[in-house]
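**Q** here is a sequence with its predicted model. Questions after.
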There are 2 protein chains.
Amino acid sequence: MNVSLDLTAYLKQNREVVDRALEKCLPTEKRFPGALFRAMRYSLFAGGKRIRPILVLAACDALGGDRENALPPACALELIHTYSLIHDDLPAMDNDDLRRGIATNHKVFGEATAILAGDALLTHAFQVLADVEGSTLSEQDRLRIVGEVASAAGASGMVAGQVVDILCEGDRAVDQPTLEFIHTHKTGAMIRASLRVGAIAGGADASALQALTLYGDRIGLAFQITDDILDLEGDEAVLGKQVGSDLKKGKTTYPAFHGIPESRRRARELVDSAVADLAEFDSRAEPLRAIAGYIVERIR
Amino acid sequence: MNVSLDLTAYLKQNREVVDRALEKCLPTEKRFPGALFRAMRYSLFAGGKRIRPILVLAACDALGGDRENALPPACALELIHTYSLIHDDLPAMDNDDLRRGIATNHKVFGEATAILAGDALLTHAFQVLADVEGSTLSEQDRLRIVGEVASAAGASGMVAGQVVDILCEGDRAVDQPTLEFIHTHKTGAMIRASLRVGAIAGGADASALQALTLYGDRIGLAFQITDDILDLEGDEAVLGKQVGSDLKKGKTTYPAFHGIPESRRRARELVDSAVADLAEFDSRAEPLRAIAGYIVERIR
């Protein structure tokens, strides 16, 4: 790894880039109906780490692409990530009162508005992808990105993972393939999509797209495993939610299945492979290499 | 109106065309997780009249366009319409047990799966629009359609209307502009979009697009007004839900505001203007003219 890259500074700087782009792509609360835009913005600007959009930008950068073309898909993925958190927190789902240390959307705005704010954020993601302004990407590539995002977010991706996760809640006899299905779909699909849409925005050929997809699959799984470890033993202030909350709900997690030492080992192995996936890339992929490392550093 | 057009037969035949296309665009229940696909298909194939997709096809036909290009947006609009019904029926929203005479999605599959099935249907709409197969439409036009659909369904369209409708529930002092906002957004935006995406799929020039948009705006409002009249005085068997259910919830409706005679007059006036909007079109617009008439025939 290139020791000269200050990952903390990189993440902070790019979080600000993403926040500015998100600010521009979402109407303010002055638009009618104010309650809807307030609810949408409340969760969108609730201190997210912007991991997915930063991965989009970093993938585009790794190919030497034009960042302007990566910003709309970066925003779209964060809008979708935010909608998924709002819906996941609902009483009918995970019934969480806190998210990132603050009250969840439905606790502040009520269930009806929270459901609709989620619906609106999801829909807005596709509006952002369709907006022509600023992008020099071909219509063909932009349509491909719409397909990638929809496929990752929907019934073949994230939503499928969430359905299985909820259906398995409290079921201690969940088998390994089911657990893997939840991981690769609930969080994995959107991480994979981040890399893929960033690659398409950056003009990737088939080989680069394949390498970045593999990298995305591995860090997606590593990210999920480390998140589950943090839920078991992490710091509540860092996590922004109650430690052990997954366990209390009887949620199936990798560490619950394999134990913490094996989970750590597996996360490190995945991160090493993810870095190896980037062998064909030059120094412009340093941020991606550093981000992979950062995932496992969280559980050190 | 061309008396030779048998509208009943036209609607039946085109409903079958739409149903076949929807059948092809949604995975079967054999796909994992079965509960999700069952829930999605339950509401999608619950006997909807397919008004929106038929309008897409009819707009494309009016321009002599290729129907193959209109089928994906037609399916997308029906997927989105279905998701909106599932979410509207939720306990946190309208809390309805019956829809089109059968149990609502959350009554059969539970709230969590119903919310997620709605999310998945909405997302799938954009996947259908992004799928390349079969369409000879330019990528530019297909991207325009993505934008039209997202804009009509989201925070500037349908969702905005639903938010205001829910916030106004039980408020008898709702003013005329607010009532119009609800109508033009909650149902109007998606009807308008049906005509616009059908027009784009049919290769409309600016003038034809404008005419079909106006037609859509007028029949959209007429449709909402007649729906509200039917809710007050209609036949439960025809309506598939309890007569007077809007009234019981204290929902603001056009007839509640203006009375039934004035509402009937307004609906007829809108339909006459909608037919006049189509003056530049030849006999290929007969189905659109007949559909406008059908809307007010429901309240005769």
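**A** Thanks, I have the structure now. Residues are numbered from 1 along each chain as shown, chains lettered A, B, ... in the order given.
**Q** just the strands in the stretch 1-150 of chain A please.
**A** Using DSSP state E, counting those that start in this stretch, the strands of the stretch 1-150 of chain A run over residues A:98-99, A:102-103.
**Q** so where's chain A shaky on pLDDT?
**A** A:1-3, A:172, A:234-252, A:300 (pLDDT under 70).
**Q** dead centre of it: give me the residue that sits there.
**A** The centroid of chain A falls nearest to A:Arg52 when counting by Cα atoms, centre = their mean (4.3 Å).
**Q** what about stretch A:174-185, start to end distance?
**A** Start-to-end span of stretch A:174-185 (Cα to Cα, to the nearest Å) is 16 Å.
**Q** buried set for that stretch?
**A** A:174, A:178-179, A:181-185 (16 or more other Cβ atoms under 10 Å in any protein chain shown). No exception for glycine: its C-beta is placed from N, CA and C like everyone else's.
**Q** go through the residues you listed and name the one nearest A:Tyr42.
**A** A:His185 (27.0 Å; Cβ to Cβ).
**Q** contact partners for A:Gly60?
**A** I think there's a mix-up here, since residue A:60 is Cys and not Gly. Residues near A:Cys60 by Cβ atoms under 8 Å, 6 or more residues apart in numbering or on different chains: A:66-67, A:69-70, A:198-199, A:201-202.
**Q** and the residue nearest to the centre of chain A, how close does it get to A:Glu139?
**A** Look at A:Arg52 and A:Glu139: by Cβ to Cβ, to the nearest Å, they are 24 Å apart.
**Q** one more: A:Glu111?
**A** Taking Cβ to Cβ as the measure, A:Glu111 falls 39 Å from A:Glu139.
**Q** now do A:Ile166
**A** Between A:Ile166 and A:Glu139 the distance is 38 Å, computed by Cβ to Cβ.
**Q** which of the two has more neighbours?
**A** A:Ile166 (23 against 16; other Cβ atoms under 10 Å in any protein chain shown).
**Q** what is the burial count for the residue lying closest to that one once chain neighbours are set aside?
**A** Sequence neighbours aside, B:Ala112 is the residue nearest to A:Ile166 in space, at 5.1 Å (criterion: Cβ to Cβ, 6 or more residues apart in numbering or on different chains). By other Cβ under 10 Å, the residues close to B:Ala112 number 22.
**Q** residues touching B:Ala112, list them.
**A** Taking Cβ under 8 Å, 6+ apart, one finds A:92-93, A:166 in contact with B:Ala112.
**Q** repeat that with 10 Å
**A** If you count contacts by Cβ atoms under 10 Å, 6 or more residues apart in numbering or on different chains, B:Ala112 has them with A:87-88, A:90-95, A:162-163, A:166-167, A:169, B:106.
**Q** same check, this time on A:Asp282
**A** Taking Cβ under 10 Å, 6+ apart, one finds A:62, A:64 in contact with A:Asp282.
**Q** same question for the one 10 residues further on.
**A** With contacts defined as Cβ under 10 Å, 6+ apart, the neighbours of A:Ala292 are A:1, A:215, A:218-219, A:222-223, A:270-278.
**Q** of the residues you listed, closest to A:Ile299?
**A** Proximity of these to A:Ile299 (Cβ to Cβ) peaks at A:Ala222, which lies at 9.7 Å.
**Q** surely A:Thr28 touches A:Phe37?
**A** Yes: shown here, A:Thr28 and A:Phe37 form a contact pair, counting by Cβ atoms under 10 Å, at 6.6 Å.
**Q** neighbour count winner among the two?
**A** With neighbours defined as other Cβ under 10 Å, A:Thr28 and A:Phe37 compare such that A:Phe37 has more, 21 against 10.
**Q** the more buried one and A:Gly47, how far apart?
**A** Separation of A:Phe37 from A:Gly47 (Cβ to Cβ) stands at 19 Å.
**Q** can I get the buried part of the contacts of A:Ala292 as one PyMOL selection?
**A** Remark: buried members of the contacts of A:Ala292, expressed as a PyMOL selection using 16+ other Cβ under 10 Å:
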select buried, chain A and resi 215+218+219+222+223+270+271+273+274+275+277+278
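**Q** mind listing the helices for the stretch 51-200 of chain A?
**A** A:51-62, A:67-89, A:105-109, A:111-130, A:139-153, A:158-168, A:176-182, A:188-201 (DSSP state H, counting those that start in this stretch).
**Q** quick revisit: deepest of the strands of the stretch 1-150 of chain A, which one?
**A** Each of the strands of the stretch 1-150 of chain A was scored by mean neighbour count; the highest is strand A:98-99, a mean of 18, by mean count of other Cβ atoms under 10 Å in any protein chain shown.
**Q** report the closest residue of the stretch 151-300 of chain A relative to chain B.
**A** Per Cβ to the nearest Cβ, the residue of the stretch 151-300 of chain A with the smallest distance to chain B is A:Gly154, at 3.5 Å.
**Q** mind listing what that residue touches?
**A** A:Gly154 makes contacts with A:80, A:122, A:160, A:189, B:36, B:40, B:119-127, as judged by Cβ under 10 Å, 6+ apart.
**Q** mind running it again at 6 Å?
**A** Residues near A:Gly154 by Cβ atoms under 6 Å, 6 or more residues apart in numbering or on different chains: B:120, B:123-124.
**Q** ok, it to A:Lys30 distance?
**A** Where A:Lys30 is concerned, A:Gly154 sits at a distance of 32 Å (Cβ to Cβ).
**Q** with A:Glu78 instead?
**A** On the measure of Cβ to Cβ, A:Glu78 and A:Lys30 end up 22 Å apart.
**Q** same check on A:Leu143?
**A** Distance from A:Leu143 to A:Lys30, by Cβ to Cβ: 33 Å.
**Q** the more surrounded of the two?
**A** Legend: neighbour count by other Cβ under 10 Å for A:Leu143 and A:Lys30, higher for A:Leu143 (22 against 7).
**Q** about what we covered before: closest one of the contacts of A:Gly154 to A:Gly293?
**A** Closest to A:Gly293, out of all of the contacts of A:Gly154 and judged by Cβ to Cβ, is B:Thr123, at 32.4 Å.
**Q** didn't that closest one look like it was pressed against A:Ala150?
**A** Yes: between B:Thr123 and A:Ala150 there is a contact under Cβ atoms under 6 Å: 5.4 Å.
**Q** what's A:Ile299 in contact with, if anything?
**A** Contacts of A:Ile299 (Cβ under 6 Å, 6+ apart): A:226, A:229.
**Q** doesn't it belong to a helix?
**A** No: A:Ile299 is assigned coil when assessed by DSSP: H, G, I helix; E, B strand; the rest coil, not a helix.
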